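> My questions concern the predicted model and sequence given below.
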Amino acid sequence: MGALAVGAAIVYTPEVGINLDLLREDLNFLKTRYALDVKGKSEGRLVIMSEKASRSYTDVVTKILAEEGRALFDSRSASLGHTLQGGIPSPIDRARAVRSLSSA
């Protein structure tokens with residue numbers, strides 16, 4: 001659902017997985033879409049890969065996209081999963097949550 005909410009162009013999930021044939025198809029899709037963009041007005045494209053889609057492909061996919069799309073787009077990797085997880089809520093966090101709920 002998160003990929004749908006942010007408008008991701010391509011999503012790799014554990015259910016579908018990722019392989020070189022799929023990556024080739026998706027790379028061709030990205031090249032076609034970027035080639036159709038009006039010069040100077042690229043809409044950008046987001047590719048999301050679940051951490052469990054593949055244990056070994058994250059860095060490889062980033063490098064392949066960067067190399068193959070260098071004339072049209074760049075590629076960067078960001079792992080947000082653990083960054084977004086907080087620790088144990090402090091008492092002030094709990095108080096703010098209650099205040100936020102009561103004002104909603």
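Structure's in. What do you need?

> what about the helices in this structure?
Assignment of helices within the chain using DSSP state H yields the ranges 2-6, 20-36, 58-68, 81-84, 91-103.

> Enumerate the beta-bridge partners assigned to the residue most central in space within the chain.
The structure's the chain has its C-alpha centroid closest to residue 48; by Cα atoms, centre = their mean the separation is 2.7 Å. Beta-bridge pairing for residue 48 (DSSP bridges): residue 11.

> Please verify my assumption that it contacts residue 12.
Yes - using Cβ atoms under 8 Å, residue 48 is in contact with residue 12, at 7.2 Å. C-beta coordinates here come from the backbone N, C-alpha and C atoms, glycine included.

> and residue 49, how far is that from residue 30?
Applying Cβ to Cβ, to the nearest Å, the value for residue 49 to residue 30 is 14 Å.

> Residue 63 too?
For residue 63, the distance to residue 30 equals 15 Å [Cβ to Cβ].

> ok, these two, which is more surrounded?
For residue 63 versus residue 30, the count of surrounding residues by other Cβ atoms under 10 Å is larger for residue 30: 20 against 12.

> can you tell me how far that one sits from residue 88?
Relative to residue 88, and taking Cβ to Cβ, residue 30 is found at 41 Å.

> For residue 18, the count of nearby residues, please.
Residue 18: 21 neighbours (other Cβ under 10 Å).

> which residues sit in contact with the spatially closest residue to it that is not a sequence neighbour?
Leaving aside its sequence neighbours, residue 18 sits nearest to residue 12 (Cβ to Cβ, 6 or more residues apart in numbering; 4.6 Å). Contacts for residue 12 were tallied using Cβ atoms under 8 Å, 6 or more residues apart in numbering; they are 18, 22, 47-50, 53-54, 57, 61.
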